[in-house]
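Engineer: Have a look at this fold, sequence not included:
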Ligand SMILES: [Zn+2]
């Protein structure tokens, strides 16, 4: 049925293109401050130009000058001598630590590192790290909310095939072959995965009630997030609720596949487990979170499934957009 390389787990997904290691990390070395600043300007992380804000000075263009400050430079007005930090009007202005710590922490968020992994760095403070992690999560959430089209999955693949979309529910469905005690899980999460992408793109949403009570909600989520011309594969739990949804090539119950071809089905189940690995991990993590924090983590999951392979480059751009600094660069989403 669906062939999929085993890439849907955290470690695989976060093996981003080493942009941080190859491009950014070398710029964080002592003596590279000027190059680092050029890179930050090019990527709109700091202002490229600034006009003197002092009233009566005539909006004089400010210049850079070397300074005995942590960033090594200041903006200075040659006319009235007004000085401003080079972080002025940037998200970096709110972060009280050196650039190296900021970018290392952003890379840490991209790579799922625990905050404590930075504690050996003297210039790094956990409170600042928490703020940076929270900023990354908020930027990812904001980006996904502003691009609802990324949450509409399936349809025709570029080869003209009908995409296979799996619709299932955590913890009761067939997302994992591992035996688990479902009583440990109080939050149910409806999960949709478009297997025509690697890693699979996902949509997830918390369900509040029993399946019967949430039947119309389940159908609405499927209709809103799965394009027509998709083949839907679903577990026995959800099959009764979505088998009659119109507009799809086919709605297949995983159990039916099993009846016809047990050997083939076992392989399919293994593939399905691989596809869901990251989603299952996230569904487990949301169990102990407040509703708001749980929702944010699910948005973050959606974001990572799309941008995770090149997370550092994308999250920088999305932070810039989120913090609404002046000029912006745009790199399009991966196909
Ligand atoms: Zn001035």
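Structural biologist: Nice, I can see it. Computed from a prediction, not measured in an experiment: that's the story for all the values here.
Engineer: And the strands in the stretch 51-200 of the chain?
Structural biologist: Per DSSP state E, counting those that start in this stretch, the stretch 51-200 of the chain carries strands over the ranges 63-66, 73-76, 83-85, 153-154, 163-170, 188-194.
Engineer: Out of the ones you listed, which is closest to the ion?
Structural biologist: The closest of these to the ion is strand 73-76. By CB to the ion, the value is 8.8 Å. C-beta here means a position set from N, CA and C on the backbone, and glycine is covered the same way.
Engineer: Please convert the strands of the stretch 51-200 of the chain to TSV, extending it with mean neighbour count.
Structural biologist: Converted to TSV, the strands of the stretch 51-200 of the chain look like this (neighbours: other CB atoms under 10 Å):
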stretch	mean neighbour count
strand 63-66	12
strand 73-76	19
strand 83-85	16
strand 153-154	25
strand 163-170	25
strand 188-194	25
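Engineer: Now distance to the ion too, for those, in JSON lines please.
Structural biologist: Listed next are these as JSON lines, based on distance: least, CB to the ion, whole Å:
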{"stretch": "strand 63-66", "distance to the ion": "11"}
{"stretch": "strand 73-76", "distance to the ion": "9"}
{"stretch": "strand 83-85", "distance to the ion": "10"}
{"stretch": "strand 153-154", "distance to the ion": "53"}
{"stretch": "strand 163-170", "distance to the ion": "58"}
{"stretch": "strand 188-194", "distance to the ion": "54"}
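Engineer: would TSV of the ones you listed with mean pLDDT be doable?
Structural biologist: Below are those laid out as TSV (pLDDT from 0 to 100):
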stretch	mean pLDDT
strand 63-66	92
strand 73-76	94
strand 83-85	95
strand 153-154	96
strand 163-170	95
strand 188-194	97
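Engineer: Pretty sure residue 51 sits against residue 59.
Structural biologist: Yes - with contact defined as CB atoms under 8 Å, residue 51 reaches residue 59; the gap is 4.3 Å.
Engineer: overlap in contacts of the two?
Structural biologist: Between them, residue 51 and residue 59 share no contacting residue under CB atoms under 8 Å, 6 or more residues apart in numbering.
Engineer: helices or strands next to the longest helix belonging to the chain in the packing?
Structural biologist: The residue-count maximum for a helix in the chain (DSSP state H) belongs to helix 262-286. Judged by 3 or more CB pairs under 8 Å, 6 or more residues apart in numbering; DSSP states H and E, the packing partners of helix 262-286 are helix 10-13, strand 163-170, strand 188-194, strand 201-207, helix 254-260, helix 291-307.
Engineer: Distance from the chain centre to the fourth one, please.
Structural biologist: So the one you mean is strand 201-207. 13 Å (CA atoms, centre = their mean, to the nearest Å).
Engineer: Read off the pLDDT value for the closest residue to the ion within the stretch 101-250 of the chain.
Structural biologist: Per CB to the ion, residue 102 is where the stretch 101-250 of the chain lies closest to the ion, at 28.4 Å. Note for residue 102: predicted pLDDT of 93.
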